[in-house]
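Enquirer: sequence first, predicted coordinates after that:
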Amino acid sequence: MIKRLPLILLLWLGTSFYFYRAVQTLLSSGALLWCYWLIDLVLIGGILTVIFVRRGSRLQQTLITWLMGLLPLVFIPRLAALPVLLIEDISRLLRGFPPAAVWVSELAVGVAAVVFLVVLFGITRGKHFYRVRRETIVFPDLPEAFDGFTITQITDVHSGSFTNATGVQKGLDLVNAQQSDIILFTGDLVNNKASEMDRWITAFAGLKAPMGKFSVLGNHDYGDYMHWETPMAKRDNLNRLKQVHAEIGFRLLLNEAITLQKGGQSIVLLGVENWGKGGFHQYGDLKKATAGVHDDAFKILMSHDPSHWEGVTLDHHQHIHLTLSGHTHGMQFGIELFGLKWSPVQYVYKQWAGLYQRHGRFLYVNRGFGFLGLKGRIGIWPEVAVITLKRK
């Protein structure tokens, strides 16, 4: 995030100067025009402070939280208006640069106003606008006793970002309302520190499933993104987080497997530690997790980062029937309407949201329960996934 701030700053300045033309055309008041730039100066000052203050300091974290709430409200609406202005400028260039049309500026500002309202909803309400997404997956070798077996998956809680207890409880009640056989959590319980979960332990302990609750770690759970006074402090934090999983009733799987029994038959649930590409740590060990697991067993894998599926799982000598992941959040920003599915994160992750299949092996990427960075969700809503297994 911090490494990207200089690029964000350049984009910000370019967008601000370009959009200012439309604002200047419509506003005659010098005071209002000064307010336009005053907002920018305050935000740019915040960005520069984040870049130069001590990494991981309280001031830096506070400023990042503040900026991630305000930047989208100002930047995204302006960005959305740019195509309107750009199309007019191309047209003017072809016509010898006549004066800019006032109605085009009005249209650009109107587009920005509508997008501002959408972003405002995403930041104020979107973070707890939980959606249930259902998938039914058919397998020819699913044990008969597990025909109709239901899984509720949540992921990427990021409890350190939560402030609204009522909103969080709404999501947890939705999880329980699914009455699934099992609840699986696929990592990132916290942003950095185990203590972020202290006020939420009772709420998450209230999740119920007759065949149990199971979990794995995500990249944020290891405390790799903050400064620790000593290596021991970091290690103690991770150990405490593992205890938190137990306190909320989840069996944490660390490169291991367990057997689920039903009606005299069984399936295997695997859980690996985080494994990612692009600089992310690769703690996950699928070979270790599958040691002692029969080749012909039906297997479900929890692996936080979906890049593990292509990077390791698909080529693994054992057939992993279904992998459940999270991590991408769908970037918390995008469009999923009328069959259109788009988010900038798709240019980073091939598998970023929903169900994928290759050679009879399935991957489901959950869009996430919580939020991080952007203080809300815009178009990519928080998700409770319900997956039903069927026998062909």
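Expert: Yep, it's here.
Enquirer: and the helices in the protein, which stretches?
Expert: Shown for the chain, the helices assigned by DSSP state H span residues 5-26, 30-52, 58-94, 102-124, 165-177, 201-205, 231-247, 286-289, 307-311.
Enquirer: now do the first one: distance to the chain's middle.
Expert: Pointing back at helix 5-26 there. 27 Å (C-alpha atoms, centre = their mean, to the nearest Å).
Enquirer: contacting residues for the residue nearest the centre of the chain?
Expert: The residue lying closest to the centre of the chain (C-alpha atoms, centre = their mean) is H329, at 1.8 Å. Counting by C-beta atoms under 8 Å, 6 or more residues apart in numbering, H329 touches D156, V345, R367, G368, F371, L372, I380. Using the backbone N, CA and C atoms, a C-beta is placed for each residue, glycine as well.
Enquirer: turn those residues into TSV, including distance to K213.
Expert: TSV is the format used below for these (distance: C-beta to C-beta, whole Å):
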residue	distance to K213
D156	16
V345	28
R367	20
G368	18
F371	22
L372	23
I380	25
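Enquirer: just these: which has the poorest pLDDT?
Expert: Within the contacts of H329, pLDDT reaches its minimum at L372, with 93.
Enquirer: coming back round to it: now flag whichever of the contacts of H329 is closest to G292.
Expert: D156 (30.1 Å; C-beta to C-beta).
Enquirer: which one of the helices of the chain lies nearest to G279?
Expert: Per C-beta to C-beta, nearest to G279 of the helices of the chain: helix 307-311, 11.3 Å.
Enquirer: so how far is the closest one from its chain's centroid?
Expert: Per C-alpha atoms, centre = their mean, the centroid offset for helix 307-311 relative to its chain is 17 Å.
Enquirer: also stretch 302-318?
Expert: The answer for stretch 302-318 is 19 Å, by C-alpha atoms, centre = their mean.
Enquirer: ok, which of the helices of the chain comes nearest K277?
Expert: Comparing these by C-beta to C-beta, helix 307-311 comes nearest, at 4.5 Å.
Enquirer: so which bits of that closest one are buried?
Expert: Neighbour counts using 16 or more other C-beta atoms under 10 Å place S307, H308, W309, E310, G311 of helix 307-311 among the buried residues.
Enquirer: where does the stretch 101-250 of the chain dip in pLDDT?
Expert: The stretch 101-250 of the chain contains no residues with pLDDT under 70.
Enquirer: thinking again about what came up before, now the helices of the chain in CSV, with distance to S215?
Expert: Below are the helices of the chain laid out as CSV (distance: least, C-beta to C-beta, whole Å):
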stretch, distance to S215
helix 5-26, 33
helix 30-52, 32
helix 58-94, 26
helix 102-124, 28
helix 165-177, 13
helix 201-205, 10
helix 231-247, 5
helix 286-289, 14
helix 307-311, 16
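Enquirer: ok, which of the ones you listed comes nearest T150?
Expert: Closest among those, using C-beta to C-beta: helix 165-177, at 12.1 Å.
Enquirer: which strands and helices sit next to the closest one?
Expert: Contacts defined by 3 or more C-beta pairs under 8 Å, 6 or more residues apart in numbering; DSSP states H and E place helix 165-177 against helix 201-205, strand 383-391.
Enquirer: quick one: closest of the ones you listed to E336.
Expert: It is, among these and with distance given as C-beta to C-beta, strand 383-391, at 10.6 Å.
Enquirer: what's the most buried one of the helices of the chain?
Expert: Mean neighbours per residue, mean count of other C-beta atoms under 10 Å, is largest over the helices of the chain for helix 307-311, with a mean of 20.
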